[in-house]
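K.L.:
Whatever this is, show me its structure:
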Amino acid sequence: VIPLIHNETHEPGTLTEDISRFIWRMLDILTVAGAACTLSLMRKQLLDAKREQQLIKEKLQSELNFLRAQTHPHFLFNTLNSIYALARKQDPETPRVVMQLSKLLRYMLHECKENYVTLEQEWKVVLDYVELEKIRYGQRVAVTCTTQVSNMQASVAPLLLLPLVENAFKHGAGNNRGITTITILLEEQEGMLKFEVKNNVEATPEPSAETSGIGLSNVKRQLELLYPKHTFESFRNNGTFTTLIAFNWNDKTAMPDR
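P.N.:
From the prediction side, this is the model:
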């Protein structure tokens, strides 16, 4: 086939024919070499793109690990204050509070190592924390917890809900002289998971995500990293401070395997 394409024979040809055959051979070689180089470059670009995506995911994971690690001592410090207050009064409920704290810490140290946990686990931690704080404040707080979610086994990022509840107790019951009313609502709404916490506040300077400490700003940053479609609101209106987060729990940022 090749001799026919290149018009080759075993007989000597003219100089023009020899040059023509040489050029065709060079074009064959250059075509094969060019194709090989193109494939090699494409493969390298794909590997570089994959490596870049992996580095982005690892950077994201590192920041999330930092944010969650930041939450642990912050939460522990606030809870230890509760235990200290009970211990000073020699309250008989102190051992029960310590037991509740141990359950919460077990969750933080073990389950929260995973990128995602079930919503049921997150909700249980919220309820455990509410029970702990109700022991501390007694009749000074009235808490209502409501959930309206069809699938509690769906996965969510850990430690997104708890800081909002902690903030309500800290800046509500912790500052109010009278009874503090806290309402906690977890519901599914048009493909979004909505978590809302409200507490009454007395005539004090308006709290915000910036002035409420590590907790709320931490949650806000985690939402930015994990859920492209989300909202975060915190505002005060008519003596009530509201914190609300909502996110599409089916639209998550891809995370590296752990």
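K.L.:
how about N78, secondary structure?
P.N.:
What DSSP: H, G, I helix; E, B strand; the rest coil gives for N78 is helix.
K.L.:
just I184 next, same as before
P.N.:
Using three-state DSSP, the structure places I184 in strand.
K.L.:
Would you mind measuring from the nearest residue to it once chain neighbours are set aside to E166?
P.N.:
Excluding its sequence neighbours, the residue lying closest to I184 (CB to CB, 6 or more residues apart in numbering) is C145, at 4.7 Å. To be clear about C-beta, it is placed using only N, CA and C from the backbone, and glycine gets the same treatment. Here the criterion is CB to CB, to the nearest Å. By it, C145 lies 14 Å from E166.
K.L.:
of these two, who's got more company?
P.N.:
Neighbours were tallied for C145 and for E166 using other CB atoms under 10 Å; the higher tally belongs to E166 (23 against 15).
K.L.:
mind listing what the more buried one touches?
P.N.:
If you count contacts by CB atoms under 8 Å, 6 or more residues apart in numbering, E166 has them with 75, 78, 129, 215.
K.L.:
Just to be sure, which of those residues are found in helices?
P.N.:
Counted as lying in helices by DSSP state H, out of the contacts of E166, are 75, 78, 129, 215.
K.L.:
closest to E93 among those residues?
P.N.:
Checking those against E93 with CB to CB, the nearest one is Y129 at 15.3 Å.
K.L.:
wait, isn't that closest one in contact with L162?
P.N.:
Yes: if you go by CB atoms under 8 Å, Y129 and L162 touch, sitting 6.1 Å apart.
K.L.:
Tell me which stretches of the protein form strands.
P.N.:
For the chain, applying DSSP state E gives strands covering 117-118, 141-148, 155-156, 180-189, 192-200, 230-237, 240-247.
K.L.:
Select, out of those strands, the one closest to P92.
P.N.:
Taking the strands of the chain one by one with CB to CB, strand 141-148 is closest: 19.0 Å.
K.L.:
Mind listing the strands the closest one pairs with, and their directions?
P.N.:
Next to strand 141-148 in the sheet, as set by DSSP bridges, lie strand 180-189 (parallel).
K.L.:
Just the CA atoms of the partner strand, as CSV, please.
P.N.:
The C-alpha coordinates for strand 180-189 follow below in CSV (Å, rounded to 0.1, in the frame of the first residue of the first chain):
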residue,chain,number,x,y,z
THR,A,180,-36.0,33.1,78.8
THR,A,181,-38.1,31.5,76.1
ILE,A,182,-36.3,29.6,73.4
THR,A,183,-38.0,28.0,70.3
ILE,A,184,-36.1,25.6,68.1
LEU,A,185,-37.5,24.5,64.7
LEU,A,186,-36.0,22.0,62.3
GLU,A,187,-38.0,21.6,59.1
GLU,A,188,-37.7,20.6,55.4
GLN,A,189,-39.0,23.2,53.0
